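Enquirer: Next one to model:
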Amino acid sequence: MAWQLGANPWIWHSPVTSEALGETLPRLAGWGFDCVELPLESPADWDPASTVKLLDATGLTPAAVIAVMAEGRNLVRADPATVRVTQDYLRRCVDAAHAVGAPVVAGPVYAPVGRTWRMDGAARSAAYEEWREHLAPVVAYAARAGVRIAVEPLNRYETSLLNTVAQTLDALEGLPEEPIGIALDTYHQNIEEHSLPEAVHAAAGRIAHVQVCANDRGAPGADHLDWPGFLRALHEVGYQGPLCIESFTAHNDAIAVAASVWRPLARSQDALATDGIGFLRRTLAAL
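Expert: Predicted coordinates:
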C-alpha cells in the first residue's frame, strides 16, 4: 500500500495565505510528506502561480483544494443571492484547483458548518433535490476543468444534512459519478458510522479524497480508531488517492471556535504532523 501522505496547513495557520504556505510547505517536505491540502477560505488568500512555484520547489503535489463553507455560503434553504454567491465561490475553488494541478475540490459543499435543522424523510429528500439542483452547475464547471468535487459528510454537531456515507450516496443520486464523489474524514466517520471499514466499503467507487486524524482531531494513532481495518478497506475498494492529515490550530480564534478546538491536541502542532506521518508509514508498512 503506497498512498501519498499529506497534511493541511490548518494545523498551524488560518487563513492559509501565500505567506503561510511559504513557511509551511518546505517543512512538510523536510518531514517526508508527499503532498499538501490547500484550504481556500477566500479566493484571494493565496496566489496560484506562486503556489505552483512553491510546490515545484518543495516537490510536494497538490492533493486537493479545500472549500470552506463559512456563514453566507449555502446551497440549501437559501435565498437565490446566497446560492449564486456560493456557486461563484465554489467555481473559484475549481479555478484554483485547475491552476495548481489539484485533482479535487473537497469539503462540505452544501451548507455552512454548524448549521443544523430537523427534517423528516420528505423534507430531507426535498433538501437533497434542492442541493443537487444548485450544485449541478458547479459540477459541470468542474468537469470541464478536469476537477472532481469531493463531498464531505460532517458529524451531527456540524450539520444535519449529510452525516453518513449512506446519506451522501443518497444525496448524490442523479448527479454524474465521474466529476463528483465523497470525501471521507476519520474524525466525522468515528462519530457517525458504525464501522470505519464498513463505511469505506459502502463508499466503494465514489471515494474522491480521504482525510485522516485521531478521534479527537489529534495525530493519527494517538487514539482508539481501527487504523489497520480502515486502511485495509481503502486498499480493498481500490482507493488510490492521498491520505491527508487534517487538524486545526487552537491559536486562531475563528478556526478554533468553528472546529471546537478548545485544547492542544498534541504536544505541539509540529508533533501532530510528524507523529501522524510516522504512525501512518509504520502502519502501512505492517499491513
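
Enquirer: all helices for this protein, in order.
Expert: Here the chain has its helices, by DSSP state H, at 18-30, 48-58, 80-100, 121-145, 165-172, 186-192, 196-202, 227-236, 253-258, 269-286.

Enquirer: If you count neighbours, what's buried in the fourth one?
Expert: Read it as helix 121-145. Neighbour-count burial for helix 121-145 flags 124, 127-128, 130-132, 134-135, 138-139, 141-143, 145 (criterion: 16 or more other Cβ atoms under 10 Å). The way it works is simple: take the backbone N, C-alpha and C, and place the C-beta from them, glycine included.

Enquirer: Look up how far N74 lies from the residue sitting furthest away from the middle of the chain.
Expert: Of all residues in the chain, the one whose C-alpha sits farthest from the chain's mean C-alpha position, using Cα atoms, centre = their mean, is A122 at 28.4 Å. In this view, A122 and N74 are 21 Å apart by Cβ to Cβ, to the nearest Å.

Enquirer: for P197, same thing?
Expert: Using Cβ to Cβ, one gets 33 Å for the distance from P197 to N74.

Enquirer: Burial check on E236, number of neighbours?
Expert: Number of residues near E236 (other Cβ atoms under 10 Å) recorded here: 12.

Enquirer: typo on my end, it should be R282
Expert: Residues lying near R282 (other Cβ under 10 Å) number 10.

Enquirer: any idea how far L5 is from it?
Expert: Shown here: R282 relative to L5, a distance of 12 Å by Cβ to Cβ.

Enquirer: quick revisit: need the helices of the chain in a markdown table with mean pLDDT and distance to G218, can you?
Expert: What follows is the helices of the chain, written out as a markdown table (pLDDT from 0 to 100; distance: least, Cβ to Cβ, whole Å):
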| stretch | mean pLDDT | distance to G218 |
| --- | --- | --- |
| helix 18-30 | 98 | 18 |
| helix 48-58 | 98 | 25 |
| helix 80-100 | 98 | 27 |
| helix 121-145 | 98 | 32 |
| helix 165-172 | 98 | 23 |
| helix 186-192 | 98 | 10 |
| helix 196-202 | 98 | 16 |
| helix 227-236 | 98 | 13 |
| helix 253-258 | 70 | 14 |
| helix 269-286 | 97 | 6 |
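
Enquirer: Would you tell me which of these gets closest to E152?
Expert: Of all the helices of the chain, helix 186-192 sits nearest to E152, with 7.4 Å by Cβ to Cβ.

Enquirer: contacts for that closest one?
Expert: The contact list for helix 186-192 (Cβ atoms under 8 Å, 6 or more residues apart in numbering) reads 152-156, 158, 163-165, 196, 199, 211-215, 217, 220, 225, 230, 246.

Enquirer: So which bits of it are buried?
Expert: For helix 186-192, a neighbour-count test (16+ other Cβ under 10 Å) marks 186-190, 192 as buried.

Enquirer: Next: stretch 68-85.
Expert: Of the residues in stretch 68-85, those buried by neighbour count under the rule 16+ other Cβ under 10 Å are 68-69, 73-78, 82-83.

Enquirer: What is the nearest of the residues you listed to P48?
Expert: Sorting the buried residues of stretch 68-85 by distance to P48 puts V68 at the head of the list, at 16.7 Å, by Cβ to Cβ.

Enquirer: how close does the residue lying closest to that closest one once chain neighbours are set aside sit to E71?
Expert: Of all residues beyond its chain neighbours, the one nearest V68 is E41 (4.6 Å), with distances taken as Cβ to Cβ, 6 or more residues apart in numbering. In this structure, E41 and E71 are 12 Å apart, going by Cβ to Cβ.

Enquirer: try A183
Expert: When distances are taken as Cβ to Cβ, A183 and E71 turn out to be 21 Å apart.

Enquirer: cool, and P264?
Expert: Taking Cβ to Cβ as the criterion, P264 is separated from E71 by 27 Å.

Enquirer: same check, this time on A136
Expert: Distance, A136 to E71, by Cβ to Cβ: 24 Å.

Enquirer: before we move on, what about P179?
Expert: Computed with Cβ to Cβ, the distance linking P179 and E71 is 27 Å.
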